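**Student:** sequence and computational prediction follow.
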Amino acid sequence: MAYYYDEPSHTFSEYLLVPGFTGPENIPANVSLKTPLVRFKKGEEPAISLNIPMISAVMQSVSGDRLGIALAKEGGIAFIFGSQPIESQAAMVARVKNHKAGFVVSDSNVKPNAKFTEVYALIEETGHSTIAVTEDGTPNGKLMGLLTSRDYRISRMTGNELVKDYMTPRENLIVGGPNTTLSSANDLIWDNKLNTLPVVDENDHLQYLVFRKDYDSHKEHPNELLDSEKRLLVGAGINSRDYAERIPALVAAGVDCVVIDSSEGYSIWQAETIKWIRQHYGDNLKVGAGNVVDAEGFRYLAEAGADFIKIGIGGGSICITRETKGIGRGQATAVIDVAKARDEYFEKTGIYVPICSDGGIVYDYHITLALAMGADFVMLGRYFSRFEEAPGEKLVVNGNTVKEYWGEGSARARNWARYDLGQGKKLSFEEGVDSYVPYAGSLKDNVAMTVLKIKSTMCNCGALTIPELQDKAKLTLVSATSIVEGGAHDVQVKHNDNTYNK
Ligand code: IMP
């Protein structure tokens with residue numbers, strides 16, 4: 001006979017935290033959100049920790065290299081989407097690893113013989129008015145000069161003039177050499193009253209531009225996640241089919257951690273993928289697995305050697321898995337159940353396997369609830385897709401600025417998606433939708449606000465760390481009626497975009 005669970009499974013919105021005692025030390029500035037990313041033995045330190053408990057979803061519309069850079073600077077880690085060719089995924093990983101704060105690879109480049117019509121087209125395309133002039137017109141070609149809006153008067157130009165007649169030529173430029181650091185670049189900028197400093201290699205090939213305006217913003221990242229060589233950390237999604245080709249390319253690009261990306265992870269395929277990684281990389285390559293929604297799935301993947309385990313089936317905002325396949329579990333119940341199994345596993349083996357709540361975070365407080373229920377960190381798709389740095393197109397729809405956000409199981413992503421790859425299926429069905437989300441600005445500003453909300457709730461619960469929150473949290477289920485009471489009610493809200501409390 002089929003097994004029936006005693007209780008219905010619940011979502012985050014059905015729970016609230018009941019405050020605990022707040023002492024004088026319980027102020028947001030004292031709260032640490034540091035949390036383990038990968039398994040560790042009792043008494044030892046995890047090989048990788050996060051400074052904020054947030055990682056980005058393995059999705060085309062979420063985790064590209066720009067988001068990877070922005071998130072690592074704030075203390076989280078992005079998992080670059082795997083639903084793309086191996087070479088382009090590895091190139092994205094490499095771009096995050098090679099990122100030097102304040103050093104920008106020039107995106108507007110022309111040859112000396114280019115006409116001004118080409119310059120105007122570039123400015124239109126990139127929105128940047130500082131143009132590098134290189135011998136071959138590439139970002140890393142031999143530096144010939146620099147063209148800025150101060151070099152020409154647009155009202156006097158016909159468009160047919162040549163760049164070389166207006167640019168500041170190489171011999172008049174002050175440049176940084178191969179060993180330039182951000183602070184030495186800044187000194188050159190200030191001492192010479194520059195706006196832009198080109199940085200070249202020993203052969204005078206352009207490497208980067210450093211902009212005066214960027215310097216201060218690059219000092220504002222106290223939570224930055226860096227490896228031993230001071231490079232940003234980045235993860236990548238893999239699948240259980242082409243890992244033997246994909247992983248070596250990702251490792252060569254410098255990936256710090258991979259995650260097996262699957263909507264249902266309690267499977268032999270995941271165990272075999274982890275086994276292959278251990279055979280080829282030992283413990284040096286960290287690998288997350290999932291998704292599971294119960295203790296049984298957790299134990300299977302923990303025993304298979306997963307470094308962290310993701311929880312969640314069907315809760316994602318773009319997800320229609322529950323509707324199409326009838327599988328899943330309320331996200332809160334799944335987290336609570338798996339957290340219990342994680343603690344039991346730790347008790348029994350002395351090995352702590354971090355767990356990640358993946359999908360279904362709508363309000364910032366859902367993150368705090370997930371942590372209180374035992375998650376070590378959360379994976380977010382919709383949340384990050386709204387930001388400037390996410391790969392989706394920014395559009396104006398019905399007067400509102402939106403970004404595109406599509407599921408990995410949607411028709412749009414499906415050529416590459418995990419749902420129907422490699423199983424030889426001709427017939428397949430969608431498990432996700434293509435959608436718009438309200439544009440929300442920069443990752444940095446939004447994450448700062450979310451982090452403040454989490455810390456402030458932790459103060460209400462008398463907790464200074466995530467383990468302390470998990471220990472002290474008091475959670476209550478709420479009735480359907482009190483959920484109504486929880487929002488603004490019996491008033492006419494002046495702005496109706498429903499984003500005031502998210
Ligand atoms: P969100 O944060 O609620 O938007 O959920 C993001 C999560 O949804 C991802 O991390 C995946 O686990 C899951 N997901 C991504 N694409 C799809 C899809 O097309 N169908 C079902 N689930 C998806």
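**Tutor:** Arrived safely, thanks for sending.

**Student:** which parts of this protein sit against the ligand?
**Tutor:** When proximity is defined as CB under 6 Å from any ligand atom, the chain approaches the ligand at 57, 59, 263, 312, 316-319, 321, 358-361, 379-383, 407-410, 431-432. (Each C-beta comes from the backbone N, C-alpha and C, glycine too.)

**Student:** residue of this structure nearest the ligand, please.
**Tutor:** The nearest approach of the chain to the ligand comes at G432, 1.8 Å away (CB to the nearest ligand atom).

**Student:** what about that residue, how many neighbours?
**Tutor:** Other residues near G432 number 27, with proximity taken as other CB atoms under 10 Å.

**Student:** that one contacts Y405, correct?
**Tutor:** No - applying CB atoms under 8 Å as the test, G432 and Y405 come out as separate, 10.0 Å apart.

**Student:** joint contacts of the two?
**Tutor:** When CB atoms under 8 Å, 6 or more residues apart in numbering defines a contact, the residues bordering G432 and Y405 alike are I318.

**Student:** ok, the residue nearest to I313 when sequence neighbours are not counted to G409 distance?
**Tutor:** Setting aside the residues directly before and after it, I313 is nearest to G328 in space (CB to CB, 6 or more residues apart in numbering), at 4.2 Å. Distance from G328 to G409, counting by CB to CB, to the nearest Å: 13 Å.

**Student:** so for those two, which sits in the more crowded spot?
**Tutor:** Taking other CB under 10 Å, G328 and G409 do not tie; G409 has more neighbours (26 against 22).

**Student:** can you say which helix or strand has the more buried one in it?
**Tutor:** G409 is located outside every helix and strand, with elements delineated by DSSP states H and E.

**Student:** returning to what we had before: what about the nearest residue to the residue of the chain closest to the ligand once chain neighbours are set aside, how many neighbours?
**Tutor:** Sequence neighbours aside, G407 is the residue nearest to G432 in space, at 2.0 Å (criterion: CB to CB, 6+ apart). For G407, the count of nearby residues is 29 (other CB under 10 Å).

**Student:** so G407 sits against R382, correct?
**Tutor:** No - taking CB under 8 Å as the contact criterion, G407 and R382 are not neighbours in contact, 10.1 Å apart.

**Student:** residues shared between the contacts of the two?
**Tutor:** Once CB under 8 Å, 6+ apart is applied, the residues that G407 and R382 both contact turn out to be 316, 318.

**Student:** got any ranges where the stretch 201-350 of the chain has weak pLDDT?
**Tutor:** With pLDDT under 70 as the threshold, the stretch 201-350 of the chain has low-confidence stretches at 214-219.

**Student:** tell me where the stretch 1-150 of the chain has helices.
**Tutor:** Listed from the start of the chain, the stretch 1-150 of the chain has helices (DSSP state H, counting those that start in this stretch) covering 65-74, 86-97, 116-126.

**Student:** how about the last one as PDB, C-alpha atoms only?
**Tutor:** What follows is the C-alpha trace of helix 116-126 in PDB, where atoms were taken according to Å, rounded to 0.1, in the frame of the first residue of the first chain:
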ATOM      1  CA  PHE A 116      33.400  58.200 -36.900                       C
ATOM      2  CA  THR A 117      30.200  56.600 -38.100                       C
ATOM      3  CA  GLU A 118      31.600  53.400 -36.600                       C
ATOM      4  CA  VAL A 119      32.400  55.200 -33.400                       C
ATOM      5  CA  TYR A 120      28.800  56.500 -33.100                       C
ATOM      6  CA  ALA A 121      27.400  53.000 -33.700                       C
ATOM      7  CA  LEU A 122      29.700  51.600 -30.900                       C
ATOM      8  CA  ILE A 123      28.600  54.300 -28.500                       C
ATOM      9  CA  GLU A 124      25.000  53.600 -29.300                       C
ATOM     10  CA  GLU A 125      25.600  49.800 -28.800                       C
ATOM     11  CA  THR A 126      27.600  49.900 -25.500                       C
END
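
**Student:** so what touches it?
**Tutor:** Contacts with helix 116-126, where a contact means CB under 8 Å, 6+ apart, come from 107-108, 110, 129, 131, 147, 152, 157-163, 166.

**Student:** please redo it, this time with the cut-off set to 7 Å
**Tutor:** Applying CB atoms under 7 Å, 6 or more residues apart in numbering, the external contacts of helix 116-126 come out as 107-108, 110, 129, 131, 147, 157, 159, 161, 163.

**Student:** would you mark the buried spots in it?
**Tutor:** Taking 16 or more other CB atoms under 10 Å as the basis for neighbour counts, the residues of helix 116-126 that come out buried are 116, 118-119, 122-123.

**Student:** can you check the longest one too?
**Tutor:** Under the neighbour-count criterion of 16+ other CB under 10 Å, helix 86-97 has 86, 89-90, 92-97 buried.

**Student:** got those residues as JSON lines, with pLDDT columns?
**Tutor:** Supplementary listing: the buried residues of helix 86-97 in JSON lines, determined by pLDDT from 0 to 100:
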{"residue": "I86", "pLDDT": "96"}
{"residue": "Q89", "pLDDT": "97"}
{"residue": "A90", "pLDDT": "97"}
{"residue": "M92", "pLDDT": "96"}
{"residue": "V93", "pLDDT": "97"}
{"residue": "A94", "pLDDT": "95"}
{"residue": "R95", "pLDDT": "93"}
{"residue": "V96", "pLDDT": "95"}
{"residue": "K97", "pLDDT": "94"}
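
**Student:** just the residues you listed now: which is nearest I80?
**Tutor:** Distance to I80, by CB to CB, is smallest for M92 among the buried residues of helix 86-97, at 4.8 Å.

**Student:** right, and that closest one touches D65 too?
**Tutor:** Yes - between M92 and D65 there is a contact under CB atoms under 7 Å: 4.2 Å.

**Student:** tell me the pLDDT at G462?
**Tutor:** What the model reports for G462 is a pLDDT of 98.

**Student:** quick one on the thing from earlier: which one of the buried residues of helix 116-126 sits closest to F21?
**Tutor:** For these, the minimum distance to F21 (CB to CB) is 58.5 Å, reached by I123.

**Student:** against G159, how distant is that closest one?
**Tutor:** Following CB to CB, the distance that separates I123 from G159 is 12 Å.

**Student:** who's in contact with stretch 30-44?
**Tutor:** With contacts defined as CB under 7 Å, 6+ apart, stretch 30-44 is touched by 46-53, 77, 257, 286, 307-308, 350-354, 376-377, 451, 454-455, 458-459, 464-466.

**Student:** just the buried ones from the residues you listed?
**Tutor:** Burial by neighbour count, judged by 16+ other CB under 10 Å, picks out 46-53, 77, 257, 286, 307-308, 352-354, 376-377, 451, 454-455, 458-459, 464, 466 from those.
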